[in-house]
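Participant: Generate a structure from the sequence data that follows.
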Amino acid sequence: MNADEGHATIIEHRQVWRGRIFGVDADVVRLPGGHEVRMEVVRHRGSVVLLPMPDASHVVLVRQYRYAIDRWIWELPAGSLEEGEAPREGAVRECEEEVGLVPSVVEEIGTFYPTPGFCDEFMVFYRLTGLEPPAPGRTTARDADEDLRVATFTLDELDAMVARGDICDAKTVLGLAIGRRSQERPRNAQTRSW
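Facilitator: Numbers count the residues shown, from 1 in each chain. Model (predicted):
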């Protein structure tokens, strides 16, 4: 068997830690090439990244404090999936929780592993359109660690924010690039669209 074929064989498995969103495993494995190594892996249920678009030339971002980097940053709304939750359902839930709007159109535009060297998190990116307020009387609560500011930006503003480093979050830069690549060209030449 070639080293670039096959799978690892687990020789010893130990769950080091389990939290609300992810866990950490420390395994001894035999890699496809035959080497035995110890691997620490972050195990994650997966997440969704949202491109909420009120129209073809605007995107909604959230500004939130991120403790790990001790900064407030602008980013695309996103969130971890609940146990057993389908990504599409998670996208709708996160849009309502973080942006306060419910999409009528949910379009998958890409999937990625953001850090496959040490984490199995799988991100599913969605473009959300047809955004409307939730039904009267319906309330949703944000997570305790979410202190969000919601704002809508033009595509030109987003390009400038990325160029200046105001958007420094990899999933957001990637999501904006996927959005640019995947959106159809406008029929009206005066409307800039991705």
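Participant: Could you use CA atoms for every contact and neighbour count after this?
Facilitator: Noted.
Participant: can you give me the helices in the chain?
Facilitator: 87-94, 155-164, 170-182 (DSSP state H).
Participant: Out of those, which one sits most buried?
Facilitator: helix 87-94 (a mean of 21; mean count of other CA atoms under 10 Å).
Participant: Check which helices and strands that one sits against.
Facilitator: Counting contacts by 3 or more CA pairs under 8 Å, 6 or more residues apart in numbering; DSSP states H and E, helix 87-94 packs against strand 47-52, strand 78-80, strand 105-112.
Participant: How is this structure divided into domains?
Facilitator: 9-44, 47-182 (automatic domain parsing).
Participant: what's the average pLDDT for stretch 148-156?
Facilitator: The pLDDT scores in stretch 148-156 average 96.
Participant: Would you mind writing the CA trace of that stretch as CSV?
Facilitator: Extracted in CSV, the C-alpha atoms of stretch 148-156 (Å, rounded to 0.1, in the frame of the first residue of the first chain):
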residue,chain,number,x,y,z
LEU,A,148,-23.2,40.9,19.1
ARG,A,149,-23.5,44.1,17.1
VAL,A,150,-25.2,43.5,13.8
ALA,A,151,-24.6,45.7,10.7
THR,A,152,-25.1,45.5,6.9
PHE,A,153,-22.2,46.3,4.5
THR,A,154,-21.9,46.9,0.8
LEU,A,155,-19.6,44.6,-1.2
ASP,A,156,-17.2,47.5,-1.7
